[in-house]
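Enquirer: Okay, sequence plus prediction incoming.
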Amino acid sequence: MFLADKRPTIEKRNAKIDQLIGSPQFIKHWTLKWSDLLLSNSKFITEKGSWAFRNWIRRAVATNMAFDKFVYQLMTANGSTFENPAANYYRISREPKVVMENMTQVFIGTRFQCNQCHDHPFERWTQRQYYELSAYFAGVGRKAGPVKGEEIIYSLATPTDIKHPSTGETIPAAFPFSSDLDKKNPDPRVRLAKWLTSSKNPYFAKSIVNRYWSYLHGRGIIDPVDDIRASNPPSNPPLLDELTRRFIANGFDLKRLIREMARSETYQRSFRPNKWNDDDSLNFSHASPRRLTAEQLFDALHVATGAPSRIPGVPVGFSRQPDSRPRRSRSDFLTCSVGRLVKAPANANAAGDVSLSQTLNMINGPTVSDAIIHPEGRVEKRGCPQRARDDKTIVGDVYLAVICRPPTEAELKQGVAYLAGVGNRSEAAQDLMGGAGQQSRVPVQQVTRTDAPPAAWPPPALESPRLGYGSMGLRGPRTWGVRTIDDRTAEMMLNAVLEPASTSSTRHPTTESAKNASGGTSAPDAANFTWPPSAGVSTPVRRSPGTRSRLVEGGD
């Protein structure tokens, strides 16, 4: 255990970083990230093609393939989309202009689509350069393969003409800036791939370093990461230049790049600012709080609760089938459970706005509540109901699991008292896990009574601390931003949006009706409820059996 390790902090932290880099979770995360960036989608390349493409990306991540080699293979891919999965890149985007725009945004951090209709008004890029670069992909041919759903990618003997929209002139392929690389190779994509991945390319390595910095810090040294231009300079040019130099010198090694960034003092800074840097958002003087992605949140939920993840069509504990047979994807399930967002390719780390259905599903839906009450989860398996362990240990485990820190003395005292004072200790421990999640988001002085509706509509957007698993708003008072609402208020807001013309609904039965049907009461048990809570303490609320509302079954 990290806390029990007696080695110096820097030594055990570096060891933990080394352990995490290359772990199955690391491979899974970056496979998903690059699948999003490269627009992998079964809608365009079939289920079999999608999983073949993702497995190719996964092997590249797992073996730490040099990034220049990864991109070169992608750009020059030919053959069957099933046998050479990298060729699926040209099946996803079929128009030369679309392929070019994705390539420039992802691999050189430049928005070339801005000069499609005219010369860029503020930058060096011209309209002609847009079509010159698109011409490299005009020679990509496609034909049906012998297997259903398969497509063969090949190079056309005579590329399709790319014409200037104003003059009608046929535009030959050309690099956007001078290059002394091989220009005689008959395959234009090979010429492009050599130029693109060259260490002499002023944008390739720099854009990837900047992109990975943004993934770890929440903001790029140049931000946005896909808008590298003279009028959008880096916030710290020497830092970006040095990281780029090292990345090239180390053979485009992504794991080494991540390791260097994660070991830095900058990455390890707290997200809590001080009086000197409270308004700083450019210089990385403190960490930037940001929401977890849907995939991270789903995994964090099951790590925190100890419950095995369950995705339809996939064995328990797996995020994919052991074989390559098509099945309902992890992404499809996340869309239904926590509302996975459709993301632009160059900005695949964007969390987007919080929707009502996503929020209510997180605070009152089955994805979270089922994980907490799972018989193999942390609460049940650790012996809470049978007093197999002392209450202090149980409270400490819950806080470490959910918000990654030990409880304060006040929190420990409150948690122990709550466990001891409730007849059903299993339910009490589940409530405690839900209540612990409030600590990292809700300042006590800003909490309202649970019988008071939110003062403003819409409620404040949810924000999660960096690297935290907490604030899931589970059982007990419902956390929404910095305000607490009860189940009935949450459902009233949901029905106001989904069914504004109806005061009752068979599709979304009210929490009150569910309580009455179960023989419970809508009011909390006075013996187990105090208000207001002590300073710095989250007070769980005792709820009657059978009242776990499932207001939202899917995302929007």
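Expert: That came through fine. Keep in mind the model is a prediction, meaning the values are calculated, not measured.
Enquirer: Where does the record place the domain boundaries for this protein?
Expert: 203-263, 297-528 (automatic domain parsing).
Enquirer: looking at the ones you listed, which has the lowest confidence?
Expert: Least confident of those, judged by mean pLDDT, is domain 297-528 with a mean of 56.
Enquirer: Longest helix in this protein, please.
Expert: If you go by DSSP state H, the chain has its longest helix at helix 42-62.
Enquirer: Name the residues of it that are buried.
Expert: 42, 45-54, 56-58, 60-61 (16 or more other C-beta atoms under 10 Å). All C-beta spots, glycine's among them, are computed from the backbone N, C-alpha and C.
Enquirer: do the same with stretch 245-255
Expert: Neighbour-count burial for stretch 245-255 [16+ other C-beta under 10 Å]: Phe247, Ile248, Phe252, Asp253, Leu254.
Enquirer: just to revisit the earlier point, C-alpha coordinates for the longest helix of the chain, PDB please?
Expert: The C-alpha coordinates for helix 42-62 follow below in PDB (Å, rounded to 0.1, in the frame of the first residue of the first chain):
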ATOM      1  CA  SER A  42     -18.500   0.700 -36.000                       C
ATOM      2  CA  LYS A  43     -21.100   2.800 -37.900                       C
ATOM      3  CA  PHE A  44     -18.600   3.500 -40.600                       C
ATOM      4  CA  ILE A  45     -16.200   0.500 -40.500                       C
ATOM      5  CA  THR A  46     -18.500  -2.300 -39.100                       C
ATOM      6  CA  GLU A  47     -18.200  -4.000 -35.700                       C
ATOM      7  CA  LYS A  48     -15.400  -6.300 -36.900                       C
ATOM      8  CA  GLY A  49     -13.400  -3.500 -38.500                       C
ATOM      9  CA  SER A  50     -13.900  -1.300 -35.400                       C
ATOM     10  CA  TRP A  51     -12.500  -3.900 -33.100                       C
ATOM     11  CA  ALA A  52      -9.700  -4.800 -35.500                       C
ATOM     12  CA  PHE A  53      -8.700  -1.100 -35.600                       C
ATOM     13  CA  ARG A  54      -8.900  -0.700 -31.800                       C
ATOM     14  CA  ASN A  55      -6.800  -3.900 -31.300                       C
ATOM     15  CA  TRP A  56      -4.200  -2.500 -33.700                       C
ATOM     16  CA  ILE A  57      -4.100   0.700 -31.600                       C
ATOM     17  CA  ARG A  58      -4.000  -1.300 -28.400                       C
ATOM     18  CA  ARG A  59      -0.900  -3.300 -29.600                       C
ATOM     19  CA  ALA A  60       0.800  -0.100 -30.500                       C
ATOM     20  CA  VAL A  61       0.200   1.300 -27.000                       C
ATOM     21  CA  ALA A  62       1.100  -1.900 -25.300                       C
END
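Enquirer: Just the buried positions in the next helix or strand after that helix, please.
Expert: Later in the chain than helix 42-62, the nearest helix or strand by DSSP states H and E is helix 67-75. By neighbour count on 16+ other C-beta under 10 Å, the buried set for helix 67-75 is Phe67, Asp68, Phe70, Val71, Tyr72, Gln73, Leu74, Met75.
Enquirer: Just give me the closest of the residues you listed to Trp276.
Expert: Of all the buried residues of helix 67-75, Trp276 sits closest to Phe67, with 37.1 Å by C-beta to C-beta.
Enquirer: what residues are up against that closest one?
Expert: Contact analysis of Phe67 by C-beta atoms under 8 Å, 6 or more residues apart in numbering lists Ile208, Phe252, Asp253, Leu254.
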